[in-house]
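# Okay, here's the prediction I keep looking at, along with the sequence it came from:
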Amino acid sequence: MNAMTHNPRRRAKAVYPGKVAIRHAKEAAESMGIDPGGLEICPDGTIRIFDRKAIPTAAPKDEFEEWLQAGKLG
């Protein structure tokens with residue numbers, strides 16, 4: 001068996017997108033009226049942009065959490 005033979009146990013190399021591709025995806029989302037609140041970059045090169053309105057915000061559990069989220073604790 002030579003080195004050119006297919007090895008099924010060998011993992012495919014990740015192909016992450018570059019900064020320019022991410023910037024273009026963000027600009028495209030903004031041009032469609034989406035307010036980018038987060039993004040996911042997958043090893044296969046997929047870029048997912050999440051609308052800020054679709055991201056759930058955690059409600060404060062108690063008064064301490066409420067003050068912390070409001071920035072009243074320093």
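Thanks, I have it.
# what bits of the chain have low per-residue confidence?
1-8, 12, 74 (pLDDT under 70).
# just the helices in it please.
19-31, 63-70 (DSSP state H).
# so which of these comes closest to residue 54?
The stretch from the helices of the chain with the least distance to residue 54 (Cβ to Cβ) is helix 19-31; that distance is 12.0 Å. C-beta here means a position set from N, CA and C on the backbone, and glycine is covered the same way.
# In this protein, mark out all the strands, start to finish.
36-41, 47-51 (DSSP state E).
# Residue 49 is in contact with residue 39, isn't it?
Yes: shown here, residue 49 and residue 39 form a contact pair, counting by Cβ atoms under 8 Å, at 5.1 Å.
# what do these two both touch?
25-26 (Cβ atoms under 8 Å, 6 or more residues apart in numbering).
# quick one, which of those two is more surrounded?
Remark: of residue 49 and residue 39, residue 49 carries more neighbours, 18 against 13, as counted by other Cβ atoms under 10 Å.
# For the more buried one, give me its contacts.
Applying Cβ under 8 Å, 6+ apart, the residues contacting residue 49 are 25-26, 29, 34, 36, 38-39.
# before we move on, what about residue 44?
Applying Cβ under 8 Å, 6+ apart, the residues near residue 44 are 14-15.
# Now it. Its backbone dihedrals?
Main-chain torsions, residue 44, degrees, to the nearest 10: phi -90, psi 0.
# Now the phi/psi pair for the residue nearest to residue 43 when sequence neighbours are not counted, please.
Spatial nearest neighbour of residue 43, chain neighbours left out: residue 14 (3.8 Å); criterion: Cβ to Cβ, 6 or more residues apart in numbering. The phi and psi torsions at residue 14 (degrees, to the nearest 10) take the values phi -70, psi 140.
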